[in-house]
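Enquirer: Here's my sequence, what's the structure:
(one chain, ligands or ions: 1)
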Amino acid sequence: MKTRAPAGSLIELSRAGLFRSGRWLVQGVDLTVAPGEIVTLIGPNGSGKSTTAKMALGIWSPTEGTASRRPGLKVGYVPQKLQVDWTLPLKVERLMRLTQKLSSAELRQALERTGAAHLLHAEVRNLSGGELQRVLMARAIARKPDLLVLDEPVQGVDFSGEIEIYEMITRLRDELGCGILMISHDLHMVMASTDQVICLNGHVCCRGTPVAVSQSASFRELFGRRAGLALYRHQHDHEHLPDGRVRHADGSIAESCAGEHCADHGHDPAHDHHHGHDHAHDHAHDHAHDHAHDQAPNHGHDHAAATGAERRGETTHA
Ligand SMILES: Nc1ncnc2c1ncn2[C@@H]1O[C@H](COP(=O)(O)OP(=O)(O)OP(=O)(O)O)[C@@H](O)[C@H]1O
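Expert: Numbering: from 1, shown residues only. Here you go, the predicted model:
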């Protein structure tokens, strides 16, 4: 397995797959994260997002394909869950320093960057979902990582808090110049500034580049704070069965994803997708449906947001 990422990128997976307990957890994943780039992994439960991130970070070695990282890569990680027993006294200041040495200036600056400076002396067990995310984010960025890995960054955060956290992620990327690998189990909205969205379903189902709508003055004027978000919606044309086989929309069963239904191919606008699930659940519709339609009034296929990538023909499906 090679360990050195190609020039310019922080991490790279090439046709990476992991075989565990008698089956492939994920296969054929190509992924790179460059400095200043935000890559988001989406997909249903068990689709291989965490497995992919673990291969990218070197926690697990791919069974097939390769994983590589830039030598000396500094990674900041925000875990999916942090459970603090309510009987355990733990102040934010101490949590920040649990696994890293920080000067007072580093500590303060990190909390300021995530809007959590006022929580320095707060008890972790008393924090709200949004406050905890900000503190965990501050902890991850305190040593100025080259790569920030965020696992479900808006879990336990309400809708307006979600928008603030997505905006904060973009800002941190801009200020620190780090690459960001973000994981979401059911991401119905993706920041317009996300450079690449990779949808997993045991393999790379499709990938796209949502346009940086926030750069468009007229769009911002029209949609205000919502301009920072784009709806990324599509459906899968097949389902992975617990025994590793694949059931297609027409009911046919295949041994693996290698067939024509699943083959990794470039996006063809004329390609007819008959998909079976939809990342845009009710929440997305409640809050972003109008936006998606206004944003892409004449958009005819499954991705609701009219992304620059799509206009450039960069979105690919598999
Ligand atoms: N160490 C392991 N050994 C065997 N199977 C595993 C192991 N870790 C994960 N799996 C299985 O691999 C599949 C992919 O898991 P993974 O955690 O990557 O999915 P995910 O997309 O991150 O899911 P979620 O959205 O639920 O967090 C799941 O079916 C899971 O049960």
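
Enquirer: Where does residue 32 fall, secondary structure wise?
Expert: Remark: residue 32 resides in strand 23-33, with elements defined by DSSP states H and E.

Enquirer: hang on, I meant residue 14
Expert: Counting by DSSP H and E, residue 14 is found in strand 11-20.

Enquirer: CA-only coordinates of that strand in CSV, if you can.
Expert: Extracted C-alpha coordinates of strand 11-20, given in CSV (Å, rounded to 0.1, in the frame of the first residue of the first chain):
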residue,chain,number,x,y,z
ILE,A,11,-5.2,12.3,1.2
GLU,A,12,-6.1,10.0,-1.6
LEU,A,13,-8.0,6.8,-2.0
SER,A,14,-7.7,4.9,-5.3
ARG,A,15,-10.1,2.1,-6.1
ALA,A,16,-10.1,1.4,-2.3
GLY,A,17,-12.1,-1.4,-0.8
LEU,A,18,-12.4,-3.1,2.6
PHE,A,19,-13.3,-6.7,3.1
ARG,A,20,-14.3,-7.7,6.6
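
Enquirer: Near the ligand, which residues of the chain are found?
Expert: Neighbours of the ligand within the chain, by CB under 6 Å from any ligand atom: 20-21, 25, 43, 45-51, 185. No exception for glycine: its C-beta is placed from N, CA and C like everyone else's.

Enquirer: Which of those residues fall in strands?
Expert: 20, 25 (DSSP state E).

Enquirer: In helices, which of the residues of the chain next to the ligand fall?
Expert: Mapping the residues of the chain next to the ligand onto helices (DSSP state H) picks out 49-51.

Enquirer: could you dump the residues you listed to TSV with distance to residue 101, neighbour count and pLDDT?
Expert: Shown next, in TSV, are those (distance: CB to CB, whole Å; neighbours: other CB atoms under 10 Å; pLDDT from 0 to 100):
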residue	distance to residue 101	neighbour count	pLDDT
49	31	25	90
50	28	19	90
51	31	23	94
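
Enquirer: now, which of the residues you listed sits nearest residue 205?
Expert: residue 49 (11.6 Å; CB to CB).

Enquirer: List the residue ranges of the stretch 51-200 of the chain that fall below the pLDDT cut-off.
Expert: Low-confidence segments of the stretch 51-200 of the chain (pLDDT under 70): 185-193.

Enquirer: Repeat the analysis, applying 80 as the threshold.
Expert: 80-87, 154-163, 184-200 (pLDDT under 80).

Enquirer: just the helices in it please.
Expert: Taking DSSP state H, counting those that start in this stretch as the test, the helices found in the stretch 51-200 of the chain are 92-97, 104-113, 129-141, 159-176.

Enquirer: Just say which of those is most tucked in.
Expert: The highest mean neighbour count among the helices of the stretch 51-200 of the chain, using mean count of other CB atoms under 10 Å, belongs to helix 129-141: a mean of 23.
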